[in-house]
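# My questions are about this predicted structure, shown below with the sequence.
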Amino acid sequence: MKPTIAPRLPISNYITVEGEQRLRDELQYLWKVERPEVTQSVSDAAALGDRSENAEYIYGKRRLREIDRRVRHLRKRLEVLTVVDTKPSDPSKIYFGAWVKVEDEEGVAHCFRLIGRDEVGEGDGYISIDAPLGKALLGKCVDDEVSIKTPSGRKLWYVLAVSYEGRL
């Protein structure tokens, strides 16, 4: 009997203007600055002779593969990403790019910005719209209650504020 494989969930292809610029800057840096430097160091290391025990050569080649892999990934992602640079027609609801202030069951307030998966990890206070809480918040308004299933059980969140102007 073959094991069943869960289908991949579709991932959002939305990104903020700032997020797209960071990805483009990273691509530009890797391609125009870091790759030429690493290529030159690999060339210099190769000129020293025996490559099999030349750590600089081996590390440089590995780093070139990492750079090339990241460059390919960035180019492919930038082709399919949709830059969201407008506010929604109903700014009282939570959509992509919104700053949201929520309160958990213990009464602790948290502030998040709903962003795309390519921007997660940019800093504290960001949550992907593909994350369970991000999905649950989409379309909600102030005073709405959101329930999500977590490994430790159901958690309730209360929407306190929504803004598209900046951090709450």
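Yes, it's here.

# gap between residue 124 and residue 35?
Using C-beta to C-beta, to the nearest Å, we find residue 124 at a distance of 31 Å from residue 35. C-beta: built from backbone N, CA, C; applies to glycine.

# Looking at the two, which is more packed in?
Remark: of residue 124 and residue 35, residue 35 carries more neighbours, 17 against 6, as counted by other C-beta atoms under 10 Å.

# Can you list the low-confidence ranges for this protein?
Scanning the chain with the threshold set as pLDDT under 70 gives 1-10, 122.

# just the helices in it please.
17-29, 35-46, 55-80, 132-137 (DSSP state H).

# Residue 98 is nearest to which of those?
helix 132-137 (8.2 Å; C-beta to C-beta).

# so what secondary structure elements neighbour the closest one?
strand 109-115, strand 126-128, strand 145-150, strand 153-163 (3 or more C-beta pairs under 8 Å, 6 or more residues apart in numbering; DSSP states H and E).

# Need the ones you listed in TSV (columns: mean neighbour count and distance to residue 62).
Shown next, in TSV, are those (neighbours: other C-beta atoms under 10 Å; distance: least, C-beta to C-beta, whole Å):
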stretch	mean neighbour count	distance to residue 62
strand 109-115	19	31
strand 126-128	19	30
strand 145-150	12	39
strand 153-163	15	42
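
# Relative to residue 48, which of those strands is closest?
strand 126-128 (45.2 Å).

# and residue 102, what are its bridge partners?
residue 110, residue 159 (DSSP bridges).

# wait, what's in contact with it?
For residue 102, the contacting residues are 109-112, 137, 146, 157-160, by C-beta atoms under 8 Å, 6 or more residues apart in numbering.

# One more pass at 7 Å, please.
Residues in contact with residue 102 (C-beta atoms under 7 Å, 6 or more residues apart in numbering) are 110, 157-160.

# thinking again about what came up before, could the helices and strands packed on helix 132-137 be laid out in a markdown table, adding distance to residue 85?
Compiled in a markdown table, those are given as follows (distance: least, C-beta to C-beta, whole Å):
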| stretch | distance to residue 85 |
| --- | --- |
| strand 109-115 | 13 |
| strand 126-128 | 18 |
| strand 145-150 | 27 |
| strand 153-163 | 17 |
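
# Of all those, which one is nearest residue 58?
strand 126-128 (36.3 Å).

# could you say what helices and strands the closest one packs with?
Under the contact definition 3 or more C-beta pairs under 7 Å, 6 or more residues apart in numbering; DSSP states H and E, strand 126-128 sits against strand 109-115, helix 132-137.

# okay, the angle between the longest one and strand 153-163?
Orientation note: strand 109-115 sits at an angle of 80 degrees relative to strand 153-163 (axes from the mean of the first three to the mean of the last three C-alpha atoms, to 10 degrees).
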